[in-house]
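> build me a model from this:
(chains A and B)
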Amino acid sequence: MFNEAQKQAYNNIKAPEHLRERVLSSALKENTERKRFSPALVRRVAVLAACLVCVFTVSFIAVRNNADVDFYFDGARVTEDGVGNVGASVNAYPFSSRSIPGVSVKVELKTNKACHIYVNGGVIAKEDGNTENVSSNLDITEDSALIWNLENPVQDSYTLTAQSGNKTFILVLEYKDAADEWVLYEKK
Amino acid sequence: MSFFDGHKNDVGAAYDKYADMLYRLSMAQLGNSSDAEDAVHDVFIKYMKTLTVFRDEEHVKSWLIRVTCNVCHDVQRQRKHRNHVSLDELSQMPASTEGVDTDSMGLQQMLAQVSEKNRAAIVLHYLEDYPVEKVADILGLSLSAVKMRLMRGREELKQIMGKEET
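A predicted model of the protein is given here:
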């Protein structure tokens, strides 16, 4: 098909010298890029990112659903250990003078979420709220000072329940015969 | 001397062994040293990136030739879309054919007139001396398809040679 001269001429064609340099420098560059963004590395980063997203999502849901509700009496958080002689230190100003023979307890509620509060005895109101509409339950949306008033208490203990999200906090006001005082504690 | 590792593709060693052959092949198919350089460059970058596990050196060689043919085919297709060659490009063509003597220029002019479809088979069989079976393997065609392309390519060349003689 082709004569020897043509075949020889074809075989004499050589790649230009500068092409080698060009190919090798491109290969080096590609190799560096590939190492920097290797599929294995990208896969690892993707898995890590997915894990972080899961952790953040679970944390977010947990935080959102686990409302933080705490009660404070005279600046100290009310715990299972309880706070004694609470009936003596109240200031029952939102309530009428008829309540004086009873027990009035002022507590501060700290919450990061709206909560519903109800008591099984007496009435409850916000310290700075409307004293005419006091009742046995109350909806709170922010940190508030609350007055829990019991007129002529006949039971030895009463409870105040705060429900927020999936958390329920029960505060117990109990009369201790031995010490002749009302104590306040958290019921777990 | 064998450069074949089987695991990592040593571009430098493969280039030293096959660059001239691939460049010739590209020149024969594209007829332009600039495009041929780009084609060879792209082929070796593809070689570096490929995840193909090569059996032996012969496998590497076949792969490189097949990819070169594909890359040249892509360039030709892009040219068709571009559908024109600038005057500057035309005037620079002879000057850019580094390492090409007048005989090979004549050969390239002849090959340029052979249809693209038949050109690769003609070059591989008559200039690179590959048997028809190997050409079929490289181009991914059946034996009869390669034979048909060779026959048509020969007819085209005969007509071209006849024209040049007259």
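> quick one: average confidence on the helix or strand harbouring residue B:45?
For residue B:45, the element it lies in under DSSP states H and E is helix B:33-49. Averaged over helix B:33-49, pLDDT sits at 92.
> got it, and stretch B:75-86?
pLDDT averaged over stretch B:75-86 gives 71.
> can the helix holding residue B:45 be said to contact chain A?
Yes: counting by Cβ under 8 Å from any Cβ of the partner chain, chain A is contacted by helix B:33-49 at B:33, B:37, B:40-41, B:44-45, B:48-49. C-beta: built from backbone N, CA, C; applies to glycine.
> please spell out the ChimeraX selection for the buried subset of the residues you listed.
Isolation of the buried members of these (16 or more other Cβ atoms under 10 Å in any protein chain shown) is achieved in ChimeraX through the command below:
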select /B:33,37,40,41,44,45,48
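> would CSV of the residues of helix B:33-49 next to chain A with distance to residue A:59 be doable?
What follows is the residues of helix B:33-49 next to chain A, written out as CSV (distance: Cβ to Cβ, whole Å):
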residue, distance to residue A:59
B:33, 63
B:37, 57
B:40, 55
B:41, 51
B:44, 50
B:45, 45
B:48, 44
B:49, 41
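> what's the burial count for residue B:61?
Neighbourhood size, residue B:61 [other Cβ atoms under 10 Å in any protein chain shown]: 18.
> that one reaches residue B:14, doesn't it?
No: using Cβ atoms under 8 Å, residue B:61 is not in contact with residue B:14; the gap is 9.1 Å.
> residues contacting residue A:171?
Residues near residue A:171 by Cβ atoms under 8 Å, 6 or more residues apart in numbering or on different chains: A:71, A:78, A:107, A:159-162, A:184-187.
> so for the helix or strand hosting it, what's the average pLDDT?
Using DSSP H and E, residue A:171 sits in strand A:167-176. For strand A:167-176, mean pLDDT is 86.
> in its sheet, what does it sit against?
strand A:157-164 (antiparallel), strand A:181-187 (antiparallel) (DSSP bridges).
> which one of the contacts of residue A:171 is nearest to residue B:118?
Closest approach to residue B:118 among these (Cβ to Cβ): residue A:162, at 88.8 Å.
> tell me how many other residues surround the closest one.
22.
> and if you look at the one 10 residues further on?
Burial of residue A:172, expressed as a neighbour count using other Cβ under 10 Å, amounts to 17.
> ok, the residue lying closest to it once chain neighbours are set aside to chain B distance?
Nearest residue to residue A:172, sequence neighbours excluded (Cβ to Cβ, 6 or more residues apart in numbering or on different chains): residue A:187, at 4.9 Å. Going from residue A:187 to chain B by Cβ to the nearest Cβ, to the nearest Å gives 66 Å.
> can you map out the helices along chain B?
B:11-30, B:33-49, B:57-82, B:87-92, B:102-113, B:116-122, B:132-139, B:143-165 (DSSP state H).
> same thing with chain A?
Going by DSSP H, chain A shows helices at A:4-11, A:17-36, A:39-65.
> for chain B, find the nearest of the ones you listed.
For the helices of chain A, the distance to chain B is smallest for helix A:4-11, at 3.3 Å, taking Cβ to the nearest Cβ.
> helices or strands up against the closest one?
helix B:11-30, helix B:102-113 (3 or more Cβ pairs under 8 Å, 6 or more residues apart in numbering or on different chains; DSSP states H and E).
> please name the nearest non-neighbouring residue to residue 114.
Answering for chain A, as no chain was given. Nearest to residue A:114 is residue A:141, by Cβ to Cβ, 6+ apart, at 4.6 Å.
> try again with chain B
Nearest to residue B:114 is residue B:156, by Cβ to Cβ, 6+ apart, at 4.9 Å.
> can you list the low-confidence ranges for chain A?
A:34-38, A:62-67, A:85, A:87-101, A:129-133 (pLDDT under 70).
> chain B contacts on that one?
So chain A meets chain B at A:1-2, A:5-16, A:19-20, A:22-24, A:26-27, A:30-31, A:34 (Cβ under 8 Å from any Cβ).
> from residue A:106, how far out is the residue nearest to residue A:114?
Residue A:141 sits 19 Å away from residue A:106, going by Cβ to Cβ, to the nearest Å.
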